[in-house]
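# Need the 3D shape of this:
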Amino acid sequence: MNTLHEDTYRLLAACFYPPTEQLREEQSCDILADLLDQCCPAAAAHANQAAAYLKSSTDEQLLVEYSRLFLGPFKLVAPPYGSVWLDQSKTVMGASTARVAAFYQKYGLQLADDFPELPDHIAVELEFLSYLAFKQREAATAGDSAGAAAYIQAQQDFLTTFLLPWLTPFCAAISDDGEAPFYAAIAQCTASFCAAAVTEDA
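The predicted model follows:
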């Protein structure tokens, strides 16, 4: 189960970065669906939808969808930053962004100076959860049951404190938009998987 969560979070994160040919070439959504079949069938159904949309969409269509939802230049359908949804100011780099960065630092991580995104971007938060799942697996493999349990708790804490409070409205905004079927399927997949993950020992 550990590897499943580690890889699932990583693949979901890849879908929330600007689309590239690599996403299609590596069959990321097909692999995601296969993983989710083993641990979260409800999310797997959405991953299969995403895989079908990915196959039928052109690179230009995906980029247009992505830009309108997440980049602008006009009003964004679904800003991909936690602070926009969580902080009273409704802007990027709010107080919650600093708290997310502090949580990363607690585990020895910080974003590279040349990294183009903020700490509370949806893809970055999902990648961090993948890292925690990797550390959990590493500790378990080494026979460190206490360390593995600590990383399980870290995943639960991060989900409940930082990601889940804004994931639901963020994903709903994408789905309600009705004009970005690939990202709607990915959003529904992400919401379903993360909701299930927080109720179990990952």
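# Look through this structure and tell me its longest helix.
Across the chain, the longest stretch assigned as helix under DSSP state H is helix 122-141.
# just the CA coordinates of it, formatted as PDB?
Extracted in PDB, the C-alpha atoms of helix 122-141 (Å, rounded to 0.1, in the frame of the first residue of the first chain):
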ATOM      1  CA  ILE A 122      -1.600  21.900  -5.500                       C
ATOM      2  CA  ALA A 123       1.100  19.900  -7.400                       C
ATOM      3  CA  VAL A 124       3.800  20.800  -4.800                       C
ATOM      4  CA  GLU A 125       1.600  19.700  -1.900                       C
ATOM      5  CA  LEU A 126       0.800  16.400  -3.700                       C
ATOM      6  CA  GLU A 127       4.500  15.800  -4.300                       C
ATOM      7  CA  PHE A 128       5.300  16.400  -0.700                       C
ATOM      8  CA  LEU A 129       2.700  13.700   0.300                       C
ATOM      9  CA  SER A 130       4.500  11.400  -2.100                       C
ATOM     10  CA  TYR A 131       7.800  12.200  -0.400                       C
ATOM     11  CA  LEU A 132       6.300  11.400   3.000                       C
ATOM     12  CA  ALA A 133       4.900   8.100   1.700                       C
ATOM     13  CA  PHE A 134       8.400   7.300   0.300                       C
ATOM     14  CA  LYS A 135       9.900   8.000   3.800                       C
ATOM     15  CA  GLN A 136       7.300   5.800   5.400                       C
ATOM     16  CA  ARG A 137       8.200   3.000   3.100                       C
ATOM     17  CA  GLU A 138      11.900   3.500   3.600                       C
ATOM     18  CA  ALA A 139      11.500   3.400   7.400                       C
ATOM     19  CA  ALA A 140       9.300   0.300   7.200                       C
ATOM     20  CA  THR A 141      11.900  -1.500   5.000                       C
END
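# Give the other helices and strands that the helix or strand that that helix is followed by contacts.
Where DSSP states H and E defines the elements, the next helix or strand beyond helix 122-141 is helix 145-158. Counting contacts by 3 or more Cβ pairs under 8 Å, 6 or more residues apart in numbering; DSSP states H and E, helix 145-158 is packed against helix 122-141. C-beta here means a position set from N, CA and C on the backbone, and glycine is covered the same way.
# Centre of the chain to the helix it packs on, how far?
Between the centre of helix 122-141 and the centre of its chain there are 12 Å (Cα atoms, centre = their mean, to the nearest Å).
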